[in-house]
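Engineer: got a structure for you, letters missing:
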């Protein structure tokens with residue numbers, strides 16, 4: 001072994017030749033040996049300590065030996081002449097900031113499947129990396145630390161292998177050169193804040209791990225070239241505070257999984273191209289966040305069992321969109337005398353016999369209906385029932401109707417004639 005600080009500041013050293021019996025290099029062992037140009041490690045070496053080659057600013061190339069398992073923190077920090085590094089197949093740990101600031105590293109970078117830990121800021125600021133980054137993933141677990149590849153903005157492609165279990169805060173922050181799909185493997189259970197912040201180079205779809213339970217703040221902020229459908233997996237219960245998908249303005253549809261319980265108000269701020277949203281879960285989240293999506297929103301699909309609850313939560317926030325029951329092909333959805341939803345083609349509509357109440361938002365934003373004939377059994381019309389029916393022209397209420405709820409015909413700008421019945425007691 002070579003002890004800590006053993007050759008610290010030996011600026012005249014240009015070459016290192018290690019004996020075959022060496023197994024470990026201590027902390028700061030060759031720190032600030034500024035004359036070193038090349039290092040070839042012996043086959044028996046298993047461990048390189050923290051700061052071991054820190055400040056060795058002359059190094060241009062590193063080849064790791066076959067038995068090496070550990071590279072300590074800051075071991076090769078800020079070596080701005082280092083152009084290539086090749087990792088061996090037994091390496092397990094890359095310490096915090098081990099290669100941070102090595103701005104001349106270029107080409108592809110492969111982290112072998114033997115690696116179980118990539119430390120915080122391990123490659124942050126390696127702005128010269130201009131090929132594909134492959135993290136193969138260990139069969140048991142691989143963790144990617146916070147800011148591990150922060151600002152590596154020339155990387156062009158990313159492959160994350162099975163076995164990766166966590167991706168730290170800001171791990172790929174500002175890696176905006178990466179193109180294609182972003183596929184997070186199902187082995188990932190933890191995703192940090194701002195993990196892919198400002199990675200606007202991704203121009204395919206986003207596939208999330210099926211085993212995520214939370215998606216934290218700013219995780220995909222300004223990934224504004226991700227396209228198509230976004231599926232939130234069934235295990236996700238919470239989509240965190242502060243613009244998780246902020247400015248992802250090419251996503252066109254969203255499917256929320258069965259486990260969702262809460263979404264922070266501005267999680268989807270700036271997602272202006274979303275036309276269709278589907279909710280699969282029976283837990284109804286607060287609907288306020290939907291106001292971030294209503295610029296282009298046309299249809300919201302919800303489970304039949306919780307239709308009324310979704311309408312109550314979302315009706316005020318979906319703009320001109322229509323709330324529909326997922327999978328329904330009936331014109332009218334009626335439960336216990338309450339008409340919950342109209343899904344027909346429009347035109348002249350006749351309320352079916354047996355309906356005693358038209359439920360909240362039942363016809364909301366049905367811009368295709370032009371007239372409504374009410375059945376004799378109808379007693380009440382609930383809030384927002386016909387709001388936004390802009391082509392509805394004439395209404396004649398049945399004699400049995402006694403109440404019309406708040407905002408029931410709000411925004412019905414085409415109405416020219418209202419004929420009230422004698423039994424109406426409350427508007």
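Structural biologist: Cool, got the structure. Just so it is clear, the model here is predicted, and its values are computed rather than measured.

Engineer: mind listing the strands for the stretch 201-350 of the chain?
Structural biologist: Assigned strands in the stretch 201-350 of the chain, in chain order: 206-207, 214-215, 228-232, 238-239, 251-256, 262-263, 276-279, 299-302, 322-325, 332-335, 338-342, 347-350 (criterion: DSSP state E, counting those that start in this stretch).

Engineer: Looking at those strands, which one is packed in the most?
Structural biologist: Most buried of these, by mean neighbour count (mean count of other CB atoms under 10 Å): strand 338-342, with a mean of 23. In this view, the C-beta of every residue, glycine as well, is placed from N, C-alpha and C.

Engineer: how far is it from where the chain is centred?
Structural biologist: On the basis of CA atoms, centre = their mean, to the nearest Å, strand 338-342 is displaced by 35 Å from the centre of the chain it belongs to.

Engineer: Low-confidence stretches in the stretch 101-250 of the chain?
Structural biologist: Applying pLDDT under 70 to the stretch 101-250 of the chain flags no residue at all.

Engineer: mind checking how far residue 283 is from residue 361?
Structural biologist: Going from residue 283 to residue 361 by CB to CB, to the nearest Å gives 20 Å.

Engineer: possible to save the strands of the stretch 201-350 of the chain as a markdown table with distance to residue 85?
Structural biologist: Formatted as a markdown table, the strands of the stretch 201-350 of the chain follow (distance: least, CB to CB, whole Å):
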| stretch | distance to residue 85 |
| --- | --- |
| strand 206-207 | 30 |
| strand 214-215 | 33 |
| strand 228-232 | 36 |
| strand 238-239 | 38 |
| strand 251-256 | 37 |
| strand 262-263 | 42 |
| strand 276-279 | 46 |
| strand 299-302 | 50 |
| strand 322-325 | 55 |
| strand 332-335 | 63 |
| strand 338-342 | 61 |
| strand 347-350 | 70 |
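
Engineer: Go through the ones you listed and name the closest to residue 15.
Structural biologist: For the strands of the stretch 201-350 of the chain, proximity to residue 15 was assessed by CB to CB; strand 206-207 is nearest, at 48.2 Å.

Engineer: Please name every helix or strand in contact with the closest one.
Structural biologist: Packing contacts for strand 206-207, counted by 3 or more CB pairs under 8 Å, 6 or more residues apart in numbering; DSSP states H and E, involve strand 182-183.

Engineer: so after the strand it packs on, what's the next helix or strand?
Structural biologist: strand 190-191 (DSSP states H and E).

Engineer: partners of that next one in the sheet?
Structural biologist: According to DSSP bridges, strand 190-191 forms sheet pairs with strand 164-167 (parallel).

Engineer: what's near enough to touch residue 263?
Structural biologist: The contact partners of residue 263, by CB atoms under 8 Å, 6 or more residues apart in numbering, come to 238, 239, 285, 286, 289.

Engineer: any idea how far it is from residue 287?
Structural biologist: The gap separating residue 263 from residue 287 is 9 Å, by CB to CB.

Engineer: if I look at the two, which residues touch both of them?
Structural biologist: By CB under 8 Å, 6+ apart, residue 263 and residue 287 have no common neighbours.

Engineer: Considering the contacts of residue 263, which is situated nearest to residue 407?
Structural biologist: residue 286 (19.7 Å).

Engineer: Please spell out which residues along stretch 362-372 are buried.
Structural biologist: Neighbour-count burial for stretch 362-372, counted by 16 or more other CB atoms under 10 Å, picks out 362, 363, 364, 365, 366, 369, 372.

Engineer: distance between the ends of it?
Structural biologist: 13 Å (CA to CA, to the nearest Å).

Engineer: and residue 211, how many neighbours does it have?
Structural biologist: A count of nearby residues for residue 211, using other CB atoms under 10 Å, gives 17.

Engineer: Skip the chain neighbours and tell me the closest residue to it.
Structural biologist: Nearest non-adjacent residue to residue 211, counting by CB to CB, 6 or more residues apart in numbering: residue 189, 5.0 Å away.

Engineer: and residue 24, which of the strands of the stretch 201-350 of the chain is closest to it?
Structural biologist: strand 214-215 (39.7 Å).

Engineer: now for that closest one, which elements pack on it?
Structural biologist: Taking 3+ CB pairs under 8 Å, 6+ apart as contact, the helices and strands that strand 214-215 lies on are strand 238-239.

Engineer: at 10 Å what do you get?
Structural biologist: Contacts defined by 3 or more CB pairs under 10 Å, 6 or more residues apart in numbering; DSSP states H and E place strand 214-215 against strand 190-191, strand 238-239.

Engineer: Now the ones you listed in TSV, please, with extra columns for distance to residue 163.
Structural biologist: Shown next, in TSV, are these (distance: least, CB to CB, whole Å):
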stretch	distance to residue 163
strand 190-191	14
strand 238-239	25
